[in-house]
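>>> quick one, what's the 3D model for this:
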Amino acid sequence: MALKNCNGKAFVAFVDISGFKSMLQKDPNDAHKALCRFFQTGYDLLDKYKNEWLNDQVESNYPKLQGMFISDCAILITSFYSNEVNTEDKIVHLQILLEAVRKLNKEMLKSDYMLTTSIAFGDFRYENRLEFDTIEKNLLIGNAYVDAFLDSEDKNYKLKPGQCRIVCGNNTELRDLDFSKISSDFIFSEEVNNKKHRYFYWNLQNTNQIIKFENKYKKADDKVYEAELKALKNFLKEN
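Sure thing, here's the model as predicted:
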């Protein structure tokens, strides 16, 4: 079933399978397995939420969480169907999206696949258009989607495998959001990269683990650098 039409404010997460292009070149069968796992996990996740929230709808029958999966990417959406959104509703919807991102990451990690995720907030519009057998049309626009997608491609602040971050930037609605009111089940960094981002640690249980985790992650990065350096030196021809 296609996404429901929506037009208003929304949180949008752009999710990507880390290293998929390399996987596709190295082992197409593994890439196929990764996509099958990705799609099945997304289906199970969205189906569960749809069934859980169907009776909670007051103003409409729209699910609070929707998703679109295309190749190695997913777009997860919690739309308000309105341009006027209070702080309490923002927090509730953000928590819904963060929990979905956490579950998606955890399930993919069980099969040794890692994801990257960028989350943005703003205007979002989706429309189903008339289709026939050889064409599918989806109108998808809005700064929430654009900001999430562009952030996932940001070369200056490149996302590393497993990372999830919220795009604050110049978005005052997110910059002014009181993250302390979000459930303690969700662990965040302070604003980083010139106050552009907040990182969501979906794999941690409390803030005391952040420093230890970051140190271990940096050591993993250092080992990759050392391995690359060793490979270069091993094949260096003396003049």
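>>> so, low pLDDT: which residues of the chain?
For the chain, the stretches with pLDDT under 70 are 1-2, 52-63, 129-138, 237-239.
>>> in it, which spans are helices?
20-26, 28-53, 87-110, 143-152, 172-175, 210-234 (DSSP state H).
>>> any idea how far Leu236 is from Glu228?
13 Å (C-beta to C-beta, to the nearest Å). Where you see a C-beta, it was placed from the backbone N, CA and C, and this is true even at glycine.
>>> pick the most deeply packed of the helices of the chain.
Among those, ranked by average contacts under mean count of other C-beta atoms under 10 Å, first place goes to helix 143-152 (a mean of 20).
>>> what is that one packed up against?
Applying 3 or more C-beta pairs under 8 Å, 6 or more residues apart in numbering; DSSP states H and E, one finds that helix 143-152 makes contact with strand 6-17, strand 115-128, strand 164-167.
>>> again, 6 Å this time
Counting contacts by 3 or more C-beta pairs under 6 Å, 6 or more residues apart in numbering; DSSP states H and E, helix 143-152 packs against strand 6-17, strand 115-128.
>>> and the residue nearest the centre of the chain, what is it in contact with?
Among the residues of the chain, the one closest to the centroid is Thr117, at 2.9 Å (C-alpha atoms, centre = their mean). Thr117 sits next to 13, 15, 101, 164 when contact means C-beta atoms under 6 Å, 6 or more residues apart in numbering.
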